[in-house]
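Engineer: no sequence for this one, just the structure:
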């Protein structure tokens, strides 16, 4: 890749914690000219959809369509990762959004994801955990699913020490303050101070 990021923000969190909501809000602060959201699940879902003759666009949203394939998609993705742990990270960061200065990786799920970015972009990668209470997640449609919510794709980063934690329980003032903290750190990185 000829273009390298100047900052990598690696987000993770449980299902229905609001990772997409939080990363979209952060993107609004940076603007789309120099900042892009990269979804690691995008290449996985695209390859899975092609192989199974499914609607790729519908696998990207948060509807029941995606949920009915989630377990099999996780199994399939694990097989791919076992063959090549960095495969989905490399594919995800080869598109147009990767040409921007700030990468917001919206859906890190495994230690191999964190290791990939920390190894390839060590001084500019910041890890961020989005957290929401179980009752809030349930109000957003979360229902515990055995084989999904106890799998590595949901629990693989539970013991990681993150650089930032964002509580996303619906208190906008708390969220805005935390997003500004992250933006301030990234601004320092972009100015060569971080």
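Structural biologist: Yep, it's here. These figures come from a predicted structure and were not determined experimentally.

Engineer: Which stretches in this protein count as helices?
Structural biologist: Counting by DSSP state H, one finds helices in the chain at the ranges 19-30, 41-52, 56-60, 64-83, 87-92, 111-120, 134-139, 152-155, 172-190.

Engineer: Could you check the angle the fourth one makes with helix 111-120?
Structural biologist: Read it as helix 64-83. For helix 64-83 against helix 111-120, the angle by axes from the mean of the first three to the mean of the last three Cα atoms, to 10 degrees is 60 degrees.

Engineer: Mind listing residues that contact helix 64-83?
Structural biologist: The contact list for helix 64-83 (Cβ atoms under 8 Å, 6 or more residues apart in numbering) reads 44-45, 47-48, 51-52, 54-55, 58-60, 87-88, 110, 112, 145, 147-148, 151-153. Where you see a C-beta, it was placed from the backbone N, CA and C, and this is true even at glycine.

Engineer: again, only this time at 7 Å
Structural biologist: Identification of contacts with helix 64-83 by Cβ atoms under 7 Å, 6 or more residues apart in numbering yields 44, 45, 48, 54, 58, 59, 87, 112, 147, 148, 151, 153.

Engineer: swap in the shortest one?
Structural biologist: With contacts defined as Cβ under 7 Å, 6+ apart, helix 152-155 is touched by 14, 15, 74, 109, 110, 148.

Engineer: Which residue, neighbours along the chain excluded, lies closest to the fifth one?
Structural biologist: What it means is residue 110. residue 156 (4.4 Å; Cβ to Cβ, 6 or more residues apart in numbering).

Engineer: Look at that neighbour and say how many residues are nearby.
Structural biologist: Using other Cβ atoms under 10 Å, residue 156 has 17 other residues around it.

Engineer: what does residue 37 give?
Structural biologist: For residue 37, using other Cβ under 10 Å, the count is 22.

Engineer: One more: residue 114?
Structural biologist: The tally of other residues near residue 114 (other Cβ under 10 Å) stands at 21.

Engineer: likewise residue 106?
Structural biologist: Residue 106 has 24 neighbouring residues, counting by other Cβ under 10 Å.
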